[in-house]
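S.K.: build me a model from this:
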Amino acid sequence: MAPDSGGTVLNREEVDRSLARFSAEHEAVETSLLALQDHAGRRLLEGARLTGATQERWVRAELTLTRLWGWFDLLTEALETARELRARRREPGREELLQLSMLLDGANLAVPGDERGVEHLGWPELVGRLNAGYAGVLDLLVAADVVWSALPARIDLLATELHRLRELAHSVGVRPGAHPAGDELNGITAELTGLRAEVIADPLAFWAADGGSSAPGGGRPDTSRYDRAARALDDIRREVDAVIGVRKDAEERLIQLRDVLSRADRTLAEARTARGEVLAKIAASEVPAVHGPASALHEQLLTAADYRRRSQWHRLSPLLESLERRADEELRRARDSLSAVTAPLAVRAELRGRLDAWRARVVRAGRVDEPLLSERYDVARRLLWTAPCDLRTAETAVRRYREAAAEALAPPADEPEEHAARLRGDA
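M.R.: Numbers count the residues shown, from 1 in each chain. Predicted structure coming up:
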């Protein structure tokens, strides 16, 4: 401590060491302050029309910068005084050591304060305040500079891309009021314009500080609004690409749609014809109704063709996608309807096949003239080849003929059981 506060007087070696340390600290402080003075962020802040949090913090930072230079001047004056005093004699006397101790080790730096008036601080305390003030101002400058270096340039690039996409979109009919993507393009344009202005005026509003970092500028630019705009632009680009794709292959897709709907109509017509045949040939059978052709789809297909003629690609794109999906569904329903309608005929054909198969076995075995087999065969055949055919009665008749044939064709008792089992399995 300084002699006036009861401390000891520094000897010559302690004085020289203090002078060397303080000279190095003085040089470091000067270098830091000059770096702040030349910092790109400071020049940008001085020339910008600031608003919001950035304006408030920059006003405080300018006051801090003024104080920092004032404190530096106090250090400079004290250091020059100490150097001059030390340079007077090679071996300073007690009076000179006392004065040097007061300068170097005492609270003798009169620092102007606020409402508290002048404060008396030692060299280490004032250097500590200088470092803290420097770190606070540098944090502001770095944050503002990083935001200004990152976001405006990216916004400008995205705006350029947006301009190109808007021209391309307009060429294929994606315009405001005519297509939702056109309205969204206008919205993104306004968002980017406003975002850029806000970033320039208040960069700190777009700075996400890292609470765990003590380094100046610890954090990163908050790009959430920019990222949302970029994602929205990507979505619109995909929409425009889809519209362009429609323009390239619209005719081929329309031809394919006509073909699918034509096949559905033919299948439905076949189902209606088959239903009449089933009703005439099959008795006691539930035959589902067949719905008419998809007239609504045909009308929309005409609308799609009109959109193509008028080059309204933005309207044609979603309509074609919907028509393709619904046309495939229509063809599938038509095929299902035909299968459902012709199911009784398939059952009758299966019964006829089973009857003929057992008849062939009986013929090969030479048992065709047996009265029971002839009678049951005639009954089953008459039922299956007479319209309308009662499927339930015919199925019973085929089963009775099969049972009689299996019994007639059964092997003698001394034949292996495996042969009889195979015969029953064939039944």
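S.K.: C-alpha from now on. contacts and neighbour counts both.
M.R.: Noted.
S.K.: do a quick rundown of the strands in the stretch 101-250 of the chain.
M.R.: Along the stretch 101-250 of the chain, the segments classed as strands by DSSP state E, counting those that start in this stretch run 109-112, 118-121, 207-209, 219-221.
S.K.: nearest to residue 232 among those would be which one?
M.R.: Evaluated over the strands of the stretch 101-250 of the chain, closeness to residue 232 peaks at strand 219-221, with 20.0 Å, by Cα to Cα.
S.K.: need the strands of the stretch 101-250 of the chain in TSV (columns: distance to residue 42).
M.R.: Formatted as TSV, the strands of the stretch 101-250 of the chain follow (distance: least, Cα to Cα, whole Å):
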stretch	distance to residue 42
strand 109-112	25
strand 118-121	29
strand 207-209	17
strand 219-221	18
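S.K.: can you tell which of those strands is closest to residue 47?
M.R.: strand 207-209 (19.8 Å).
S.K.: paired strands for that closest one, with orientation please.
M.R.: In the sheet, strand 207-209 lines up against strand 219-221 (antiparallel) (DSSP bridges).
S.K.: tell me the buried residues in the partner strand?
M.R.: By neighbour count on 16 or more other Cα atoms under 10 Å, the buried set for strand 219-221 is 219, 221.
S.K.: what does it contact?
M.R.: With Cα atoms under 8 Å, 6 or more residues apart in numbering as the test, strand 219-221 has contacts from 143, 146, 147, 150, 151, 206, 207, 208, 209, 210, 211, 213.
S.K.: with stretch 354-369 instead?
M.R.: Outside stretch 354-369, the residues within contact range by Cα under 8 Å, 6+ apart are 374, 377, 380, 381, 398, 401, 402, 405, 408, 409.
S.K.: farthest-apart pair in those, please.
M.R.: Longest span within the contacts of stretch 354-369, Cα to Cα: 381 and 409, 20.1 Å.
S.K.: only the buried subset of the contacts of stretch 354-369, as a ChimeraX command please.
M.R.: Burial among these is assessed by 16+ other Cα under 10 Å; the matching ChimeraX selection reads:
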select :377,380,381,398,401,402,405,409
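S.K.: only whichever of the contacts of strand 219-221 are buried, select them in PyMOL.
M.R.: Selecting only the buried entries of the contacts of strand 219-221 in PyMOL, with 16+ other Cα under 10 Å as the criterion:
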select buried, resi 143+146+147+151+206+207+209
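S.K.: looking at the contacts of strand 219-221, which has the smallest pLDDT value?
M.R.: pLDDT is lowest at residue 213 among the contacts of strand 219-221; the value there is 54.
S.K.: re earlier: turn the contacts of stretch 354-369 into TSV, columns for pLDDT and distance to residue 273.
M.R.: Converted to TSV, the contacts of stretch 354-369 look like this (pLDDT from 0 to 100; distance: Cα to Cα, whole Å):
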residue	pLDDT	distance to residue 273
374	84	36
377	87	31
380	86	27
381	89	25
398	89	28
401	87	33
402	89	33
405	86	37
408	82	42
409	82	42
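S.K.: domain parsing of this protein, as residue ranges.
M.R.: By the assignment in automatic domain parsing, the chain contains the domains 3-146, 243-343, 345-426.
S.K.: relative to residue 196, which of the ones you listed is closest?
M.R.: domain 3-146 (13.1 Å).
S.K.: mind listing the helices for the stretch 301-427 of the chain?
M.R.: 313-364, 371-384, 391-408, 417-426 (DSSP state H, counting those that start in this stretch).
S.K.: reformat the ones you listed as JSON lines; add distance to residue 267.
M.R.: Shown next, in JSON lines, are the helices of the stretch 301-427 of the chain (distance: least, Cα to Cα, whole Å):
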{"stretch": "helix 313-364", "distance to residue 267": "6"}
{"stretch": "helix 371-384", "distance to residue 267": "27"}
{"stretch": "helix 391-408", "distance to residue 267": "25"}
{"stretch": "helix 417-426", "distance to residue 267": "37"}
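S.K.: weakest of the ones you listed in terms of mean pLDDT?
M.R.: Averaged per stretch, pLDDT over the helices of the stretch 301-427 of the chain is lowest on helix 417-426, reaching a mean of 52.
S.K.: ok, then the element right after the helix or strand where residue 252 lies?
M.R.: Residue 252 is part of helix 224-281 when elements are defined by DSSP states H and E. Scanning forward in sequence from helix 224-281 by DSSP H and E, the next helix or strand is strand 282-283.
S.K.: pull the distance from that next one to the chain's centre.
M.R.: Centre-to-centre, strand 282-283 and its host chain are 59 Å apart (Cα atoms, centre = their mean, to the nearest Å).
S.K.: residues in contact with it: which ones?
M.R.: Here strand 282-283 makes contact (Cα under 8 Å, 6+ apart) with 344, 345, 387, 388, 389, 390, 391.
S.K.: what does stretch 322-330 give?
M.R.: Residues outside stretch 322-330 that contact it (Cα under 8 Å, 6+ apart): 257, 260, 261, 264, 294, 297, 300, 301.
S.K.: which among the contacts of stretch 354-369 gets closest to residue 182?
M.R.: residue 398 (70.7 Å).
S.K.: thinking again about what came up before, so which of the helices of the stretch 301-427 of the chain gets nearest residue 305?
M.R.: With Cα to Cα, the closest approach to residue 305 among the helices of the stretch 301-427 of the chain belongs to helix 313-364: 8.4 Å.
S.K.: any idea of the angle that closest one forms with helix 371-384?
M.R.: Computed by axes from the mean of the first three to the mean of the last three Cα atoms, to 10 degrees, the angle separating helix 313-364 from helix 371-384 equals 160 degrees.
S.K.: and the angle for helix 313-364 with helix 224-281?
M.R.: Angle, helix 313-364 to helix 224-281, by the same axes, to 10 degrees: 40 degrees.
S.K.: okay, the contacts of strand 282-283 in CSV with neighbour count next?
M.R.: Output for the contacts of strand 282-283, formatted as CSV (neighbours: other Cα atoms under 10 Å):
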residue, neighbour count
344, 22
345, 18
387, 14
388, 16
389, 23
390, 17
391, 20
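S.K.: who's in contact with the closest residue in space to residue 246 that isn't next to it in sequence?
M.R.: The shortest distance from residue 246 to any non-neighbouring residue, by Cα to Cα, 6 or more residues apart in numbering, is to residue 317 (5.8 Å). Residue 317 makes contact with 242, 243, 246 under the criterion Cα under 8 Å, 6+ apart.
S.K.: which of those residues has the most neighbours?
M.R.: Neighbour tally across these (other Cα atoms under 10 Å): the maximum, 23 neighbours, falls on residue 243.
S.K.: turn the contacts of stretch 322-330 into CSV, including pLDDT and neighbour count.
M.R.: Below are the contacts of stretch 322-330 laid out as CSV (pLDDT from 0 to 100; neighbours: other Cα atoms under 10 Å):
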residue, pLDDT, neighbour count
257, 92, 22
260, 92, 18
261, 91, 24
264, 91, 23
294, 80, 16
297, 90, 19
300, 91, 15
301, 90, 20
